[in-house]
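Engineer: fold the following, please.
(chains A and B)
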Amino acid sequence: MIFKGKVWKFGDNIDTDAIIPARYLTTSDPQELALHCMEDADPKFATKIKAGDIIAGGENFGCGSSREHAPIAIKAAGISCVVAKSFARIFYRNAFNMGLPIFESRELFEVIKEGEEIIVDSVSGTITSASKNKTFSINSIPPFMEQLIADGGLMKHIARK
Amino acid sequence: MGNTITEKILMAHTDLKEISAGQLINAKVDIALGNDITAPIAIKEFKKANGKKVFDKDKIALVLDHFTPNKDISSAQQCKFIREFASEQQITHFYEGGQVGVEHALLPELGIVLPGDLVIGADSHTCTYGALGAFATGVGSTDLAAAMLTGELWFKVPQSIKFVINGKMPKWVSGKDLILNIIGRIGVDGALYKAMEFTGETISKLPMADRLSMANMAIEAGAKNGIFAPDAITRKYVEKRAKRPYKFYCSDADAVYSDIIEIDASKLEPQVAFPHLPSNVKGVSKAGNVKIDQSLIGSCTNGRIEDLRIAAQIFKKRKAASNVRLIVVPATPFIYKQALQEGLLEIFLNAGAVISPPSCGACLGGHLGILAEGERAIATTNRNFVGRMGHPKSEVYLASPAVAAASAVLGRIASPEEL
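Structural biologist: Numbering: from 1, shown residues only, chains lettered A, B, ... in the order given. Next up is the predicted model:
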């Protein structure tokens, strides 16, 4: 798949309380959660972004709680994919299980500035910066995780089996 | 080459004869847990996948503990949705109202999770049960849905870090201080994707309540699970609670670790994690003059009877400072009753405390103790992220019950030694 969008940068250890604060967890409705996406890291984030935009995170993105509301909020807000230096493990599982595309790349965060447009190509495993014409690779995904994505998430993967 | 306790438990839940770190496996689940925040999504996914019957009604625990007693209409709706599912599926371990406690205090107390089990929970602090010598890990709601449907889940076998803790812990130093110190050393991603295995002479004498506090916070170092080899202390804790067989596993002498970290517990003082990360840890003597507005004693980390006894020891003949709101949350109905019978609740009331029903509410900024802009709390909980207990401009400092109690008395972050 190819994702093209503007980059929004966040730092290290962006926790799930920042992605979707617990005060909004009285619902699991994706559209309601989307209104508060990243609110405690950037209060106006949900109103600033356009469909297809990309989040760039530092180390340990999505640490903290197991709330699947976090990837749900990001996906429903219109973010096409998240690229981070590393992901916290429950967030990593959740994203694959529910179908939010995520990629690991250390270079993206170092090289790309907020607001730049990038193209993430999951098939060739590359990220290209539109302006700088710079290309770098994303860490490859284990074959099992690729299968999960191809099947459309964990529940559909199980149904297929 | 030998195996770690984590590898052995995972292997015992598969048909495999060999297992090693990094391997992707499908394993059978003994208990799958959900709460009032995470279960609704799991149930919807279960139904969307055309799920008719859960794999085993005795192996699922649904605990309505986060926004309960129902804080508003939408929380009540979420609980109602789960209640109807639990009734339709005749879920054995369904808890709410006067039966509910904070899930990670309740399940061990009732003997629902046992040594050697493979437990998954749609709650990150599911890792608490590693204190019993179980493999227990937090997952998301879709994982819970898959486990409820099939009784199995995929795992990547983690590498393990061994923590060897020796030396006698000084007075007022507890398991909470050990784990805060460890997270301070290795960072919030210091054990990312890995198992944290706690060993050493300090650990072999450590009471179960302290082990539960430590395993509880393994996730705060990014770990998949925290684990203690079961021993006589474990046996004493579980033998009167277990209603089914359980098994003790231990690591082989030649098991492989990605790292071994040695800690001298005799050199520690009570620890405090400053905002806004659990790794931002200092000794209490280096805290400086940090005035507090609230002291919260409770949670899945430190809401057990042993924690309340320590706090009561400090509040006996002492009051919370007039500008500090003291909130005490016994973690389960049984602990609440014990605290009542032992006279602890009277001590807390005399100290000026609000005694909360068992609930996760205050810890995650849900209800029953929210902070306003600019307010500071010392809390015996496990997370101090931005906005964790309320306003995004409030602050949370993590500490043991002894430090939270002493701080309530003095109105600033303080060591019990200062009283």
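Engineer: and residue B:401, backbone torsions?
Structural biologist: Note on residue B:401: its backbone torsions stand at phi -60, psi -40 [degrees, to the nearest 10].
Engineer: kindly report the same for residue B:176.
Structural biologist: According to degrees, to the nearest 10, the main-chain angles of residue B:176 amount to phi -60, psi -40.
Engineer: any idea how many residues pack against the residue nearest to it when sequence neighbours are not counted?
Structural biologist: Take residue B:176 and drop its neighbours on the chain: the residue closest to it by CB to CB, 6 or more residues apart in numbering or on different chains is residue B:400, 4.2 Å away. All C-beta spots, glycine's among them, are computed from the backbone N, C-alpha and C. By the criterion of other CB atoms under 10 Å in any protein chain shown, residue B:400 has 30 neighbours.
Engineer: quick one: residue A:56 from chain B, how far?
Structural biologist: With distances taken as CB to the nearest CB, to the nearest Å, residue A:56 is found 17 Å from chain B.
Engineer: and residue A:137, by the same measure?
Structural biologist: Counting by CB to the nearest CB, the gap from residue A:137 to chain B is 21 Å.
Engineer: would you confirm that that residue contacts residue A:104?
Structural biologist: No. Residue A:137 lies out of contact with residue A:104 (CB atoms under 8 Å); the separation is 10.2 Å.
Engineer: the two: which has the busier surroundings?
Structural biologist: Neighbour count, other CB under 10 Å: between residue A:137 and residue A:104, residue A:104 has more, with 17 against 12.
Engineer: show me what that one bridges to in the sheet.
Structural biologist: residue A:84 (DSSP bridges).
Engineer: around chain A, pick out the residues from the stretch 151-300 of chain B.
Structural biologist: Contact residues, the stretch 151-300 of chain B versus chain A (CB under 8 Å from any CB of the partner chain): B:154, B:188-189, B:192-193, B:219, B:222, B:224, B:277.
Engineer: tell me where the stretch 51-200 of chain B has strands.
Structural biologist: Using DSSP state E, counting those that start in this stretch, the strands of the stretch 51-200 of chain B run over residues B:60-63, B:93-95, B:118-121, B:135-138, B:152-156, B:160-166, B:195-199.
Engineer: most tightly surrounded among those strands?
Structural biologist: Greatest average neighbour count among those goes to strand B:135-138 (a mean of 30), per mean count of other CB atoms under 10 Å in any protein chain shown.
Engineer: what pairs with it, parallel or antiparallel?
Structural biologist: Applying DSSP bridges, one finds strand B:135-138 paired with strand B:118-121 (parallel).
Engineer: avg pLDDT for the strand it pairs with?
Structural biologist: The average pLDDT within strand B:118-121 is 98.
Engineer: where does pLDDT dip in chain A?
Structural biologist: For chain A, the stretches with pLDDT under 70 are A:132.
Engineer: hmm, 90 instead?
Structural biologist: A:1, A:107-112, A:122-124, A:129-136, A:139-152, A:159-161 (pLDDT under 90).
Engineer: near chain B, which residues of it?
Structural biologist: Residues of chain A lying near chain B by CB under 8 Å from any CB: A:13, A:15, A:17-18, A:21-23, A:25-28, A:40-41, A:43, A:59-60, A:63-69, A:72, A:86, A:88-90, A:93-94, A:97-98, A:142, A:144, A:153-156, A:158-159.
Engineer: OK, contacts around residue B:325?
Structural biologist: By CB atoms under 8 Å, 6 or more residues apart in numbering or on different chains, residue B:325 lies in contact with B:293-295, B:354, B:369.
Engineer: residue at max distance from the center of chain A?
Structural biologist: Most distant from the centre of chain A: residue A:161, at 27.0 Å, with distances by CA atoms, centre = their mean.
Engineer: how close does the residue nearest to residue B:176 get to residue B:377?
Structural biologist: To residue B:377, residue B:400 is 15 Å away according to CB to CB, to the nearest Å.
Engineer: circling back to that earlier point, ok, the contacts of residue B:325 vs chain A, which is closest?
Structural biologist: Chain A lies nearest to residue B:369 out of those, by CB to the nearest CB, at 12.8 Å.
Engineer: ok, and the most crowded of the contacts of residue B:325?
Structural biologist: Neighbour max across these (other CB under 10 Å) = residue B:295, 30 neighbours.
Engineer: now it: closest residue in space that isn't a chain neighbour?
Structural biologist: Distances taken as CB to CB, 6+ apart place residue B:408 nearest to residue B:295, at 3.7 Å, with adjacent residues excluded.
Engineer: hmm, residue B:293 and that neighbour touching each other?
Structural biologist: No. Assessed by CB under 8 Å, residue B:408 is found out of contact with residue B:293, at 10.5 Å.
Engineer: mind checking the longest strand of chain A?
Structural biologist: Longest strand of chain A, by residue count under DSSP state E: strand A:2-9.
Engineer: counting by contacts, list what that one packs against.
Structural biologist: Using 3 or more CB pairs under 8 Å, 6 or more residues apart in numbering or on different chains; DSSP states H and E, the elements in contact with strand A:2-9 are strand A:54-57, strand A:117-121.
Engineer: got the contact list for the last one?
Structural biologist: Meaning strand A:117-121. A:1-7, A:54, A:80-81, A:83, A:103, A:108, A:112, A:126-131, A:138.
Engineer: try it again at 10 Å.
Structural biologist: The set of residues external to strand A:117-121 that reach it, using CB atoms under 10 Å, 6 or more residues apart in numbering or on different chains, is A:1-7, A:52-54, A:56, A:80-83, A:101, A:103, A:105, A:108, A:111-112, A:126-132, A:134-135, A:138.
Engineer: how about the contacts of residue B:325, which pair is most distant?
Structural biologist: Using CB to CB, these span at most 13.5 Å, a distance reached by B:293 and B:354.
Engineer: circling back to that earlier point, what's the neighbour count on the residue nearest to residue B:295?
Structural biologist: With other CB under 10 Å as criterion, residue B:408 counts 31.
Engineer: disregarding flanking residues, what is the spatial nearest neighbour of residue B:19?
Structural biologist: residue B:11 (4.1 Å).
Engineer: list the contacts for the one you found?
Structural biologist: B:3, B:17-20, B:23, B:25, B:27, B:157, B:249 are the contacts of residue B:11 under CB under 10 Å, 6+ apart.
Engineer: which two of those have the greatest separation?
Structural biologist: B:23 and B:249 (17.6 Å).
Engineer: those two: which is more packed in?
Structural biologist: Between residue B:23 and residue B:249, counting by other CB under 10 Å, residue B:249 is the more crowded of the two (21 against 15).
Engineer: helix/strand/coil for the residue of chain B positioned farthest from its centre?
Structural biologist: Distance from the C-alpha centroid of chain B peaks at residue B:50, with 33.1 Å (CA atoms, centre = their mean). Here residue B:50 takes the coil state, with states given by DSSP: H, G, I helix; E, B strand; the rest coil.
Engineer: is it in contact with residue B:145, as I believe?
Structural biologist: No. At 11.6 Å, residue B:50 does not count as touching residue B:145 under the criterion of CB atoms under 10 Å.
Engineer: so what sits against both of those two?
Structural biologist: With CB under 10 Å, 6+ apart as the test, residue B:50 and residue B:145 both reach residue A:155.
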